[in-house]
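>>> turn this into a structure:
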Amino acid sequence: MKAAIITEPGKIEIGSLPDPAPGPREVVVAVAGTGICGTDLHILDGEIARSFPVVPGHEFAGEVVAVGREVTEVRTGDHVAVNPSIHCGECYYCGRARANLCERWESIGITKPGGAAEYALAPVKNCFVLPEGVSTADAALIEPLGCAVRGFDVLSHRLGDHYLIYGAGTMGLMMMELAKRAGAASVTVVDPNPSRLETTRLLGCTAAVTAAGEANRPRGWDIVIDCTGVVAAIEDGLSRVERGGTFLQFGVASPEAKAAIEPFRIYNHEITITGSMALLNSFDRAGALFAAGLLRPDVLISHRFSLDEYKQAVDLFKQGMGRKIQIQPNGPAR
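Residues are numbered from 1 along each chain as shown. Below you'll find the predicted structure:
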């Protein structure tokens, strides 16, 4: 099969690998669509992945083309979105129902070959069968949506809260849609890229600004969510949290990044700072929300490339162009 391979930090090749064969409780998926996200750039920079080479692509969906001998839940021809997270089920954190913090955590597309290939291997328990009428390639959005749902799981949100979201990329847009669904009184989105802000306006945010100071919230916001991982945005966002409010670190920062905080203000204003990592019991709920029309894939997915164009797609993503950039390893859906 053909695959995009990060052979070493900074180097991508389009090469050939053996077709995967399913184990007893695994399936092989012919990938219809796989998204590129910030995690892929971290891998390319030599972070996150434990070793190289790596076939990236942890956001993907496709058609089941082979099943293991013990698989009964799905059959060939089913269309599925794949949860990439793999947990041991035995460690301290798995035993405390915190499998996303698993001591042996692995992920398809990070520690195991991913969806930037014609075929990908997945445990059957990680497959969400798509209902009729759902575009298979578009369903690659379910994985990032599942991460956003997990983010909302850790928030103590209330009806009528005011939200401030840093970043108008895919994750910021998904957080915006979830905030609206959660009964937000207002949702303000900050992004220095005016073209990205146009998308937030199209989808119905309350305010779209290039700097939080442009918005009129003297007391600050009940919930501030960073979707950038950029230290300057994080520090600014922490200063915008209202008394009794919550700051969610959702964006993936460099492991070496450091941000300044004001301990007295956190104490005196009873500010909660929390984080959210990957998925935890949120993938199927994200699938249900996606199937119910929470997102507009025609808006969120701005570019679709072939597998041979993977390098160009990554370069476009690095430039901050577009929204979700997707690879279609087996060609456009017919």
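>>> quickly list the domain ranges of the chain.
Structural domains assigned to the chain are 2-146+279-328, 155-275, following automatic domain parsing.
>>> any chance of a markdown table for the ones you listed, columns mean neighbour count?
C-beta here means a position set from N, CA and C on the backbone, and glycine is covered the same way. As requested, these are exported to a markdown table (neighbours: other C-beta atoms under 10 Å):
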| stretch | mean neighbour count |
| --- | --- |
| domain 2-146+279-328 | 19 |
| domain 155-275 | 18 |
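>>> got TSV for the ones you listed, with mean pLDDT too?
Shown next, in TSV, are the domains of the chain (pLDDT from 0 to 100):
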stretch	mean pLDDT
domain 2-146+279-328	96
domain 155-275	96
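>>> name the residues that touch stretch 61-77?
With contacts defined as C-beta atoms under 8 Å, 6 or more residues apart in numbering, stretch 61-77 is touched by 21-33, 78-82, 115, 119-120, 124-125, 127, 129-130, 136-140, 142, 330.
>>> and if we set it to 6 Å?
Stretch 61-77 is touched from outside by 22-33, 78-81, 124, 127, 136, 139-140, with contacts defined as C-beta atoms under 6 Å, 6 or more residues apart in numbering.
>>> dihedrals phi and psi, V82?
Main-chain dihedrals, V82, degrees, to the nearest 10: phi -110, psi 130.
>>> once you drop chain neighbours, what's closest to D45?
Distances taken as C-beta to C-beta, 6 or more residues apart in numbering place P9 nearest to D45, at 6.3 Å, with adjacent residues excluded.
>>> confirm for me that that neighbour is in contact with I48.
No: between P9 and I48 there is no contact under C-beta atoms under 6 Å: 10.9 Å.
>>> other residues contacting stretch 35-44?
6, 48-49, 54, 56, 59, 140, 252, 313, 317, 324-326.
>>> mind checking how far D226 is from M171?
10 Å (C-beta to C-beta, to the nearest Å).
>>> now stretch 92-107, how far from the chain's geometric center?
19 Å (C-alpha atoms, centre = their mean, to the nearest Å).
>>> tell me the secondary structure for S254?
coil (DSSP: H, G, I helix; E, B strand; the rest coil).
>>> so what's the spatially most central residue of the chain up against?
Among the residues of the chain, the one closest to the centroid is P144, at 2.7 Å (C-alpha atoms, centre = their mean). For P144, the contact set (C-beta under 6 Å, 6+ apart) comprises 59, 170.
>>> all helices for this protein, in order.
Per DSSP state H, the chain carries helices over the ranges 38-44, 92-95, 142-153, 170-181, 194-203, 231-239, 263-268, 283-291, 297-300, 310-318.
>>> in TSV, list the ones you listed along with distance to F247.
Listed next are those as TSV, based on distance: least, C-beta to C-beta, whole Å:
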stretch	distance to F247
helix 38-44	19
helix 92-95	23
helix 142-153	12
helix 170-181	13
helix 194-203	20
helix 231-239	6
helix 263-268	9
helix 283-291	23
helix 297-300	25
helix 310-318	26
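>>> out of those helices, which comes closest to S16?
Nearest to S16 among those is helix 310-318 (14.1 Å), distances taken as C-beta to C-beta.
>>> counting by contacts, list what the closest one packs against.
Under the contact definition 3 or more C-beta pairs under 6 Å, 6 or more residues apart in numbering; DSSP states H and E, helix 310-318 sits against strand 324-328.
>>> how about residues contacting the strand it packs on?
Strand 324-328 is contacted by residues 33-36, 116, 170, 300-301, 303-305, 307, 310, 313, 317 when judged by C-beta under 6 Å, 6+ apart.
>>> quick one: strands adjacent to the top strand by length along the chain?
Identified as the longest strand of the chain according to DSSP state E is strand 26-36. Within its sheet, strand 26-36 is paired with strand 59-67 (antiparallel), strand 119-123 (antiparallel), strand 324-328 (antiparallel), according to DSSP bridges.
>>> mind checking those strands for the one nearest to E13?
Nearest to E13, of all those, is strand 324-328, at 14.6 Å by C-beta to C-beta.
>>> just the angle for the closest one relative to helix 170-181, thanks.
120 degrees (axes from the mean of the first three to the mean of the last three C-alpha atoms, to 10 degrees).
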